[in-house]
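**Student:** Pasted the sequence and its predicted model underneath.
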Amino acid sequence: MSEKIKVILADDHSVVRKGIKMLISGDESIEIMGEAASGTEALQMVKRLDPNIIITDISMPGMSGIELTEKIKTEHPTTKVLVLSTHNDEEYILRSFEAGALGYLPKDTEEDEFIAAIRTVAGGDVYYTNEVSNILTKSLIKKKRMFDDTRDLTEREKEILKLIVEGLSNKEIGDKLFISVRTVDTHRRNIMDKIEAKNTAELVRKAIEDKLI
């Protein structure tokens with residue numbers, strides 16, 4: 001008989017932990033070593049018990065599941081992380097995978113898929129549901145479209161974007177480039193449309209994060 005998959009559950013709601021235990025208790029290949037009600041407690045438990053996998057919620061007191069994932073990846077990389085959460089939006093999913101999680105499941109996941117996810121993640125492979133996969137795909141498409149759009153910035157738009165990031169006003173940019181304030185404003189609106197920025201702050205953030213200048 002192969003060695004059991006050693007699991008720690010981390011969720012601040014005892015009823016959720018109890019539900020997870022009931023869900024996977026029928027599988028003899030999985031052993032629940034312990035339960036934690038906070039990220040801090042979970043991290044201490046990982047260090048002490050050396051599990052194969054930790055199943056964690058995102059929203060927990062003291063230390064979030066994403067912060068916990070980052071610490072485990074850095075301090076205890078042999079333990080794999082499977083995120084189980086009610087948050088099924090793009091931001092949480094992307095942040096979880098960026099932090100080092102290998103799997104992301106909604107809390108209403110059925111037993112068979114839950115077991116499959118535990119086995120996959122424990123083996124070092126990535127696991128996500130069809131819904132999560134669709135969200136990730138849409139995110140990649142959106143980023144690619146944004147990248148493609150930025151390549152279409154004219155040289156003048158790139159020049160103006162650089163000055164916007166440097167903090168210059170429309171009038172200052174116009175004076176520097178010898179063009180009217182109205183022309184600068186038109187370029188600014190075109191740039192914002194191309195990289196899908198809602199305001200100047202977001203425009204500057206995307207320009208820096210996506211290395212557009």
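**Tutor:** Good, I have the coordinates.

**Student:** and the residue nearest to Glu111 when sequence neighbours are not counted, how many residues sit next to it?
**Tutor:** Of all residues not flanking Glu111 in the chain, Leu23 sits nearest, at 5.4 Å (Cβ to Cβ, 6 or more residues apart in numbering). In short, each C-beta sits where N, CA and C put it, glycine included. Burial measure for Leu23: 14 neighbouring residues, criterion other Cβ atoms under 10 Å.

**Student:** Quick check: buried residues in the one helix or strand Ile160 maps to?
**Tutor:** Following DSSP states H and E, one finds Ile160 within helix 155-165. For helix 155-165, the neighbour count (16 or more other Cβ atoms under 10 Å) marks 157, 159-161, 163-165 as buried.

**Student:** what's the pLDDT at the residue lying farthest from the centre of the chain?
**Tutor:** No residue in the chain sits farther from the centre than Phe178, which is 43.3 Å out by Cα atoms, centre = their mean. According to the prediction, Phe178 has pLDDT 93.

**Student:** cool, and Leu161?
**Tutor:** The model's pLDDT for Leu161 equals 92.

**Student:** Identify the residues contacting it.
**Tutor:** By Cβ atoms under 8 Å, 6 or more residues apart in numbering, Leu161 lies in contact with 153, 191, 203, 207, 212-213.

**Student:** got a pLDDT number for the closest residue to Tyr92 other than its chain neighbours?
**Tutor:** Distances taken as Cβ to Cβ, 6+ apart place Ile58 nearest to Tyr92, at 5.9 Å, with adjacent residues excluded. pLDDT, Ile58: 92.

**Student:** where's Ile58 relative to Ile208, distance?
**Tutor:** According to Cβ to Cβ, to the nearest Å, Ile58 and Ile208 sit 27 Å apart.

**Student:** Just want to know which of the two has more residues nearby.
**Tutor:** With neighbours defined as other Cβ under 10 Å, Ile58 and Ile208 compare such that Ile58 has more, 23 against 11.

**Student:** so what's the residue positioned nearest the centre of the chain up against?
**Tutor:** What sits nearest the mean C-alpha location of the chain, by Cα atoms, centre = their mean, is Arg95, with 1.5 Å. With contact set as Cβ under 8 Å, 6+ apart, Arg95 has these partners: Ile66.

**Student:** Name the residues of the helix or strand hosting Val16 that are buried.
**Tutor:** According to DSSP H and E, Val16 maps onto helix 14-24. Residues 17, 20, 24 are the ones in helix 14-24 that count as buried (16+ other Cβ under 10 Å).
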